[in-house]
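**Q** next comes the sequence, and after it the predicted model I'd like to discuss.
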Amino acid sequence: EAGVVQSPRYKIIEKKQPVAFWCNPISGHNTLYWYLQNLGQGPELLIRYENEEAVDDSQLPKDRFSAERLKGVDSTLKIQPAELGDSAVYLCASSAGTAPDTQYFGPGTRLTVL
Amino acid sequence: AQTVTQSQPEMSVQEAETVTLSCTYDTSESNYYLFWYKQPPSRQMILVIRQEAYKQQNATENRFSVNFQKAAKSFSLKISDSQLGDTAMYFCAFRNNFNKFYFGSGTKLNVKP
C-alpha cells in the first residue's frame, strides 16, 4: 500500500513569491491534515479536512495561506506571498477518520524562503 | 485546551540499554487517545505505539512499551534493548474527541554505540 505522497520535497524561493505544496493521501483515507513543523519542534496543525470539507482551519493564516481538497482526495496548500518566517517543513498526514484514527505522515516539504 | 509537554529536549542511551521518555498532558476529557511517533533524520514521522485512554492495560509493541497513568495524565515511552536505529526525535501526541491532535515539542534520542 502506498503511503502519503508529498511534492516537492524541497523548495527554495525568494520572499514575496508564491509557492504551492501537493499531497496525495493514503487511498481510502477521508481525513487529511496539513501541519507546519519548525526546526526542533512538534507539528502544528494548519488545517484539517474531512473529505472535501475544511473542518478545522483556525490556525491557518488566511491572509496568505490557502488550501483546497477538491473531490476529497488530493490537496494543495498555497502561500502567497511567502515571508521569511514561513521557512519550515510542511507535513501532510491522512487518517481513516475512525477511532483511534492513527495518522500516517508524508515525508514533508522543506521550504526555504530567502 | 489540551496541551502536551515533553520535558526532556534531548537524551542519550547506550546501545542495548533501556531508556524512558516522559510525556504529560492536560485535558478535561475522559476518553481520548495517546500516541508516540518517531521521526528519524530523514524526517518521515512513523507511529511507534498508541494507547486508548479507556484501556487500563499498557500498550506494548516489541521493544517499545508505555506506562500510562491516567490519573497523573502521564504517558511515558520505554525503549528496551536500544538500537542505533532508534536514534530519532520522539513526539508524544494526544487526540481528543473532536479528532484533533496535539503534539509535544519532542525529545531527541541519541543511541550511542
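**A** That came in fine, so what should we check first?
**Q** can we go C-alpha only for contacts and neighbour counts from here?
**A** OK.
**Q** for burial, what's the neighbour tally of residue 26?
**A** All of this refers to chain A. 23 (other Cα atoms under 10 Å in any protein chain shown).
**Q** correction: the question concerned chain B.
**A** That count, for B:D26 with other Cα under 10 Å as the rule, works out to 14.
**Q** wait, it touches B:L34, no?
**A** No: using Cα atoms under 8 Å, B:D26 makes no contact with B:L34, being 11.8 Å away.
**Q** what about residue 82, how many neighbours?
**A** No chain was given, so I picked chain A. A:A82: 22 neighbours (other Cα under 10 Å).
**Q** other chain: chain B
**A** 22.
**Q** quick one: what helix or strand has it in it?
**A** Element membership for B:S82 (DSSP states H and E) is empty, with no helix or strand holding it.
**Q** from what I can see it touches B:E17, true?
**A** Yes: between B:S82 and B:E17 there is a contact at 5.5 Å, judged by Cα under 8 Å.
**Q** now do stretch A:107-114: distance to the chain's middle.
**A** Relative to the chain's own centre, stretch A:107-114 is displaced by 11 Å; criterion: Cα atoms, centre = their mean, to the nearest Å.
**Q** now B:S22: phi and psi?
**A** When quoted as degrees, to the nearest 10, the phi and psi of B:S22 stand at phi -100, psi 150.
**Q** and for A:L70?
**A** Torsion angles, degrees, to the nearest 10, at A:L70: phi -70, psi 140.
**Q** how much space between it and chain B?
**A** Applying Cα to the nearest Cα, to the nearest Å, the value for A:L70 to chain B is 21 Å.
**Q** you'd agree that residue is up against A:A54?
**A** No: contact criterion Cα under 8 Å: A:L70 and A:A54 do not qualify, at 10.9 Å.
**Q** please name the nearest non-neighbouring residue to the spatially most central residue of chain A.
**A** For chain A, the residue nearest the mean C-alpha position is A:W34 (3.0 Å; Cα atoms, centre = their mean). Leaving aside its chain neighbours, A:W34 sits nearest to A:C92 (4.6 Å; criterion: Cα to Cα, 6 or more residues apart in numbering or on different chains).
**Q** perfect, I'm done here.
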